[in-house]
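Asks: Kindly generate the corresponding structure for this input.
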Amino acid sequence: MLHDLGMRLCDLAHQDFLFHCLRIDDIQRAHDEGRMAWIATMEGAAMIEHDLDRIDILHGFGLRSLGITYSESNALGNGLKEDRDGGLTKFGKKAVERMNKVGLLIDCSHCGDQTTLDTVEWSEKPIVLSHIGAKALWNSNRLAPDNVLEAVAAKGGVIGIECAPHTTLTKNHRSHNLDAFMEHFEYVRDLVGIDHVGFGPDTVYGDHVGLHRTYAASLSLKESRGAGKPGQEYEEVEYVEGLENPTEGSKNILRWLVKNGYSDADIKKVMGANALRVMSEAWS
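Replies: Model prediction:
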C-alpha cells in the first residue's frame with residue numbers, strides 16, 4: 001500500500017501544471033511560476049498500523065499533513081463516529097512525537113473530541129482542524145465544541161471552516177449555503193480570534209451530494225451530522241449554493257469578506273497567511 005502511494009505521489013509530482021510543495025518556499029515559487037501548488041495529505045493514519053517508521057516513509061514520499069484518525073478509530077486514537085472516545089493511545093502519543101520530529105502537520109478534523117484534546121496537549125507544535133465547524137451552531141459529531149476549538153487555537157493552531165454538503169448548517173440557515181458556512185466562520189473568529197481561523201471548504205467538482213449518498217455508510221454521514229435529533233431538521237440540497245465547487249467557493253468567500261467590511265490584512269490572514277504560518281511551524 002505504501003509503495004502504491006509513493007508511486008502515485010511521484011506521478012503527480014511530475015505533472016507540469018502542478019508543483020508538489022515540500023517547503024513553504026515552494027508555495028511562493030509555484031505562485032511566481034503561475035503553477036498550481038499542491039501539498040500531499042492523508043486524512044487518517046490507519047495505514048501506519050503499529051509501525052512508527054512508516055511515518056518517516058510517508059514523509060520521504062512527500063507527505064506533509066497527516067490526520068490522526070478518519071472517523072473510525074485506529075491504533076492512534078478514536079474517530080468521531082465512535083460512541084466513546086478514550087483519547088490518544090500510548091502508541092498514538094509516540095506517533096505524534098514522530099510526526100513532530102519529521103515535520104508533518106497534524107490534522108484532527110475527523111477525530112473524537114478527547115483524541116483531539118490529547119493531541120493538542122501532546123504535540124510540541126500547533127495542529128490544525130483543517131475542515132470543520134462549530135458544534136455550538138449545529139449539534140453534529142462532524143463539528144467541534146468550543147473547548148476543542150479554543151484548545152487548538154491556544155496552541156497556535158488554525159481551524160478551517162468546511163462546507164461539504166449538509167455539514168456547517170445552523171439554526172438560522174437550515175438550507176446549506178454560503179451564509180450558513182460564513183456564520184460558522186464568524187462564530188469561530190469571535191471565539192478564538194482572526195489569527196486562528198481560515199477556510200477548508202472540503203468541496204469537489206461534480207456531484208458531491210451523490211458521492212455522499214454512495215458512500216454514506218462507510219463515511220458515517222448520518223451519525224456524524226446529527227440527523228434525527230430534535231430541532232436538527234434541515235432542508236436537503238443538491239449542492240451548497242455559493243460553494244458549488246472549489247472555484248466558485250474561492251471567489252464567493254472573498255466577495256463575502258469584502259462585502260462585509262473585512263480589512264485587507266484580515267482577509268490576507270484567513271485566505272492563506274494563517275495556514276502558511278502553521279505549516280511553517282509544523283514543517284520546521
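Asks: Just the helices from the chain, written as ranges.
Replies: With helices called from DSSP state H, the chain shows them at 2-13, 24-32, 53-61, 90-102, 113-122, 146-154, 178-192, 208-214, 216-219, 221-225, 246-259, 264-268, 274-283.
Asks: Turn these into TSV, columns for mean pLDDT and mean neighbour count.
Replies: For glycine as for every other residue, the C-beta is placed from the backbone atoms N, C-alpha and C. Converted to TSV, the helices of the chain look like this (pLDDT from 0 to 100; neighbours: other C-beta atoms under 10 Å):
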stretch	mean pLDDT	mean neighbour count
helix 2-13	54	12
helix 24-32	93	14
helix 53-61	97	17
helix 90-102	98	19
helix 113-122	98	22
helix 146-154	98	19
helix 178-192	98	21
helix 208-214	89	15
helix 216-219	68	12
helix 221-225	55	18
helix 246-259	96	15
helix 264-268	98	12
helix 274-283	97	19
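Asks: mind putting those in a markdown table, distance to residue 43 included?
Replies: Formatted as a markdown table, the helices of the chain follow (distance: least, C-beta to C-beta, whole Å):
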| stretch | distance to residue 43 |
| --- | --- |
| helix 2-13 | 13 |
| helix 24-32 | 21 |
| helix 53-61 | 13 |
| helix 90-102 | 14 |
| helix 113-122 | 14 |
| helix 146-154 | 17 |
| helix 178-192 | 20 |
| helix 208-214 | 15 |
| helix 216-219 | 11 |
| helix 221-225 | 14 |
| helix 246-259 | 17 |
| helix 264-268 | 27 |
| helix 274-283 | 16 |
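Asks: so which of those helices comes closest to residue 163?
Replies: helix 178-192 (4.4 Å; C-beta to C-beta).
Asks: now for that closest one, which elements pack on it?
Replies: With contacts defined as 3 or more C-beta pairs under 8 Å, 6 or more residues apart in numbering; DSSP states H and E, the packing partners of helix 178-192 are helix 146-154, strand 158-161, strand 197-199, helix 246-259.
Asks: what about 6 Å?
Replies: Judged by 3 or more C-beta pairs under 6 Å, 6 or more residues apart in numbering; DSSP states H and E, helix 178-192 is in contact with helix 146-154, strand 158-161.
Asks: which residues touch the last one?
Replies: Applying C-beta atoms under 6 Å, 6 or more residues apart in numbering, the set of residues contacting strand 158-161 from outside is 128-131, 133, 149, 184-185, 188, 196-200, 274-275, 278.
Asks: again, 8 Å this time
Replies: For strand 158-161, contacts defined as C-beta atoms under 8 Å, 6 or more residues apart in numbering pick out 126, 128-133, 144, 149, 152-153, 168, 181, 184-185, 188, 192, 196-201, 274-275, 277-278.
Asks: Out of the helices of the chain, which is closest to residue 68?
Replies: helix 113-122 (5.8 Å).
Asks: How far does that closest one sit from its chain's centre?
Replies: Distance of helix 113-122 from the chain centroid (C-alpha atoms, centre = their mean, to the nearest Å) equals 15 Å.
Asks: Residues touching it, excluding its own?
Replies: Here helix 113-122 makes contact (C-beta under 8 Å, 6+ apart) with 68-69, 76-79, 85-88, 92-93, 96-97, 106, 108, 111, 127, 129, 144-145, 147-148, 151-152, 154-155, 157.
Asks: Many thanks, we can stop here.
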